[in-house]
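# Following is a predicted model, sequence given first.
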Amino acid sequence: MRFLFYILGLLLILSLLPKAFAQNAVPKVVLLDEKQNETKSSPTGMLEKFFSGVKSGNLDDALAVLTKNSLLVHKPEDIATLKKGTQQALDKYGEVAGFEVLETKTVGKSLLRITCISLGEEMPLRWKFFFYKTKDTWRLLDMRVDSGIVDLFDDLGRTK
């Protein structure tokens with residue numbers, strides 16, 4: 001009988017151990033708000049996370065957030081090209097301090113282009129992000145970055 005109580009007591013102690021350790025556990029640092037479900041994120045939310053990652057110097061994480069659920073995830077060479085072009089632009093024009101959305105243009109209900117400028121140390125950069133919505137999920141199709149700031153005055157003037 002004592003043996004049975006000993007076993008039950010041991011099982012009770014073992015069941016409480018994970019809870020005791022969990023209370024003293026160090027909280028996980030969330031770099032780019034991993035708690036939010038990326039599959040339901042809006043394109044502007046994805047861009048906020050992207051530019052936040054770029055600003056903090058985490059280009060790999062920033063691109064991972066932006067390309068999650070896109071076809072680009074299955075094309076490492078395309079991601080490498082995006083990373084290389086983005087890094088070259090940042091090296092040439094300085095770090096990103098923030099960004100502004102300049103234009104949001106839809107084609108139908110499932111295609112979206114968002115034009116932004118990043119606010120850099122030396123000068124702004126123009127960014128164009130192309131998204132496709134399928135099954136209530138926005139996915140990045142393409143991304144382009146350049147220094148065509150002068151063109152923005154003509155391009156945005158035509159759309160208004």
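Ah, there it is.

# Give me the helix or strand of this structure that scores worst on average pLDDT.
When the helices and strands of the chain are compared on mean pLDDT, DSSP states H and E, helix 2-23 comes out lowest with a mean of 40.

# And the contacts of the following helix or strand past it?
The element immediately downstream of helix 2-23 (helix or strand, assigned by DSSP states H and E) is helix 43-55. Outside of helix 43-55, the residues that reach it under the criterion C-beta atoms under 8 Å, 6 or more residues apart in numbering are 31-33, 36, 38, 41, 59, 61-63, 65-66, 86, 90, 95-99, 101, 112, 114, 116, 118, 129, 131, 138, 140. (C-beta placed from N, C-alpha, C; glycine too.)

# try 6 Å this time
Residues lying outside helix 43-55 but in contact with it, judged by C-beta atoms under 6 Å, 6 or more residues apart in numbering, are 32, 61, 62, 65, 66, 96, 99, 112, 114, 131, 138.

# Can I get these in TSV including distance to residue 73 and secondary structure?
Formatted as TSV, the entries for the contacts of helix 43-55 read as follows, by distance: C-beta to C-beta, whole Å; DSSP: H, G, I helix; E, B strand; the rest coil:
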residue	distance to residue 73	secondary structure
32	16	coil
61	14	helix
62	14	helix
65	11	helix
66	10	helix
96	23	strand
99	23	strand
112	19	strand
114	20	strand
131	15	strand
138	14	strand
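
# Quick check: closest non-adjacent residue to residue 87.
Nearest residue to residue 87, sequence neighbours excluded (C-beta to C-beta, 6 or more residues apart in numbering): residue 59, at 6.3 Å.
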